[in-house]
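1. Take a look and give me a structure for this.
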Amino acid sequence: MPLSNDKEKLRVLVIDDDYDIAANITDFLEAKGHIPDFSPDGFNGLNLAIKNTYDVIVLDVMMPGIDGLTVCRKLNEKGIDTPVLMLTARDTLADKLSGFDSGADDYLVKPFEPEELEVRLKALSRRGKKSVHSDLKVDDLELNKTTLTVKRAGQTIDLNRACLKILIKLMEKSPEVVTRNEIENLLWGEDAPDSDALRSHIYTLRRKTDKPFEKALIHTIHGVGYKIE
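-> Numbers count the residues shown, from 1 in each chain. Now for the predicted structure:
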């Protein structure tokens, strides 16, 4: 959960082995009144993220020792729900899919403007986990909103945070249609990234919940959004 009630003052962990980029980020954030922390490698960054509480994590992908994708997966395994912004020079759809699939919440490609980074960090910091108290079921797909476990046909499905949020929304409104705008607002507020981001999350969600099974439950309503039934 976010550390501070003052969403204009964030505690940010920057994990990046490029000292120049990390220094630029931390200097900019400090000048804006935020509280940055820094790690030059994945191992130390992972330990900091586990031991301390941050509003958001800025995570480079390519690092020696342990890369950002592995760090992100290990954070998920340990139940660390701090939002993660993946920072990388890789900009293909496949790269974005890998980042989101590892558990990242947002993706920013280098080079970038520090003002855009700050806007995205603020948007991520506003995304707290909502209180959930009941189970959802559509056909043979089940989601426990207390433990955030997902099963289909008795088989456990591991989903990243963004996919969980989308699936909860779809199942809560089933069989109604959830618009793209609704999902984008759920994930990013008014600061939605490019259309590839949502497309990537939907692709990952379908790959995990539909592809291994006989019939698809998630349906695209072209020009409108998505529904599950």
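2. Give me the domain ranges for the protein.
-> Each domain of the chain is listed here as a residue range: 11-125, 135-228, per automatic domain parsing.
3. can you map out the helices along the protein?
-> Using DSSP state H, the helices assigned to the chain run over residues 19-31, 42-51, 68-77, 93-101, 114-125, 161-173, 180-188, 195-209.
4. In JSON lines: the ones you listed, plus mean neighbour count.
-> All C-beta spots, glycine's among them, are computed from the backbone N, C-alpha and C. Formatted as JSON lines, the helices of the chain follow (neighbours: other CB atoms under 10 Å):
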{"stretch": "helix 19-31", "mean neighbour count": "15"}
{"stretch": "helix 42-51", "mean neighbour count": "17"}
{"stretch": "helix 68-77", "mean neighbour count": "20"}
{"stretch": "helix 93-101", "mean neighbour count": "19"}
{"stretch": "helix 114-125", "mean neighbour count": "19"}
{"stretch": "helix 161-173", "mean neighbour count": "21"}
{"stretch": "helix 180-188", "mean neighbour count": "17"}
{"stretch": "helix 195-209", "mean neighbour count": "19"}
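5. separation between Asp194 and Leu186?
-> 17 Å (CB to CB, to the nearest Å).
6. Check which helices and strands the helix or strand of the chain with the lowest mean pLDDT is in contact with.
-> Lowest on mean pLDDT, DSSP states H and E among the helices and strands of the chain sits helix 93-101, with a mean of 74. Helix 93-101 makes packing contacts with helix 68-77, strand 84-88, strand 106-109, helix 195-209 when contacts are defined by 3 or more CB pairs under 8 Å, 6 or more residues apart in numbering; DSSP states H and E.
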